[in-house]
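Enquirer: Could you work out the structure for the sequence below:
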Amino acid sequence: MFVKKMKLLTMFYIISILTGDINVYTHRHYDSDKILFQDFTNLTGIKVNVIKGSADQLIQRLQTEGENSPADILLTVDAGRLVRAKNLNLLQKISSKKLLQNVPKNMRDAENYWFGLSVRARVIVYAEDRVNKSELSSYEDLANSKWKGRIVVRSSNNIYNQSLMASLIESNGHMEALNWAESVRNNMARKPRGNDRDQARAVASGVADVAIINTYYLGLLTNSSDSADREVARKLNVFFPNQDGRGTHINISGGAVTASSKNKKDAVRFLEFLTEKESQKIFSENNYEYPLDYQNTDNELLISWGKFKADNMDLSILGRNNAEAVRLFDLAGWK
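Expert: Residues are numbered from 1 along each chain as shown. Purely as a prediction, here's the structure:
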């Protein structure tokens, strides 16, 4: 079985080299990406072969395949996963003036192993009929007892929450981050379950008054083909935390050239393409992610939420603090 698998990988690799294709391992599962991949092919003549899976599955696959992996590109969400892939020696350093120009310094690896491609803000959504906007201020304030029984948020095993926690560790220190997690857990209206959209639905249905979610999930609900989801979005407002301080926590969806890539030139060209202005518009228009220049989006929905100040923390820190974030969540009893 192993020999057969290796033969298939070798064939896949040889065909890709001969045809000039690039092979993309991606955790992303959005319509925007299908459009972008086809646009890249139309522009360059380079076919994009796609393998999908969870980030953990793809990272494990790259480890197992080693130098025989046919992958040229790894696309995933959250800087923490890209840091992990780098630390496992699964990525290679690249040189690109265009990427350095298009990607802000805090949204790329200091040694040029990975680069951000789009931005997500982790915000508070609230029910306007039960929450006065003046009650809201910061992530830290969600630990206040006034929110007892009023918060929903997903599990601590989710990378988005782990990265938020990693940022709190960096900003406030370990003990304050632990105390925050314990207090937020005590303020939850229910045990964590579901994804970000499920948290939004819980607020809309009255289970809770506020939720912590990524902005693009609200965009997907707003423009859903399901009228029930559109009604959920109609009932919610967006609040950007920590505007009087360090700014709202952001994360990126990003990409890197794999260590195994033998088509590095086209792989770099692909990443550059994804950071260009027209590609950035597609991320916003089709998946409601902010462009890398998040203050200058053309998307009407994103504009309607208002401009915000983002935490300009080096996103590599999210990966560096990930293990400690998981440990503190466990200590806090946040399942």
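
Enquirer: so how far is the first residue of stretch 72-89 from its last?
Expert: 14 Å (Cα to Cα, to the nearest Å).

Enquirer: which stretches of this protein have low pLDDT?
Expert: 1-19 (pLDDT under 70).

Enquirer: other SSEs contacting the lengthiest strand in it?
Expert: Longest strand in the chain, counting residues (DSSP state E): strand 115-127. Using 3 or more Cβ pairs under 8 Å, 6 or more residues apart in numbering; DSSP states H and E, the elements in contact with strand 115-127 are helix 159-172, helix 196-204, strand 210-214, helix 215-222, strand 236-239, strand 250-257, helix 264-274, helix 277-287. Glycine gets a C-beta too; all of them are placed from N, C-alpha and C.

Enquirer: At which residues are the strands of the stretch 1-150 of the chain located?
Expert: Using DSSP state E, counting those that start in this stretch, the strands assigned to the stretch 1-150 of the chain run over residues 22-26, 48-52, 73-77, 115-127.

Enquirer: To Phe40, which of those lies closest?
Expert: Closest approach to Phe40 among the strands of the stretch 1-150 of the chain (Cβ to Cβ): strand 48-52, 6.1 Å.

Enquirer: List the strands paired with the closest one, with their directions.
Expert: strand 22-26 (parallel) (DSSP bridges).

Enquirer: could you dump the strand it pairs with to CSV, C-alpha only?
Expert: Output in CSV follows, covering the C-alpha atoms of strand 22-26 (Å, rounded to 0.1, in the frame of the first residue of the first chain):
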residue,chain,number,x,y,z
ILE,A,22,1.3,24.1,-9.1
ASN,A,23,-0.1,21.9,-6.3
VAL,A,24,-1.8,23.7,-3.5
TYR,A,25,-2.6,22.1,-0.1
THR,A,26,-5.3,24.2,1.4
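
Enquirer: Same list (the strands of the stretch 1-150 of the chain) but as JSON lines, adding mean neighbour count.
Expert: Shown next, in JSON lines, are those (neighbours: other Cβ atoms under 10 Å):
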{"stretch": "strand 22-26", "mean neighbour count": "24"}
{"stretch": "strand 48-52", "mean neighbour count": "16"}
{"stretch": "strand 73-77", "mean neighbour count": "26"}
{"stretch": "strand 115-127", "mean neighbour count": "24"}
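
Enquirer: Any idea which of these gets closest to Ile250?
Expert: strand 115-127 (5.2 Å).

Enquirer: on that earlier part again, how distant is the longest strand of the chain from the center of its chain?
Expert: In terms of Cα atoms, centre = their mean, to the nearest Å, the centre of strand 115-127 is found 8 Å from the chain centre.
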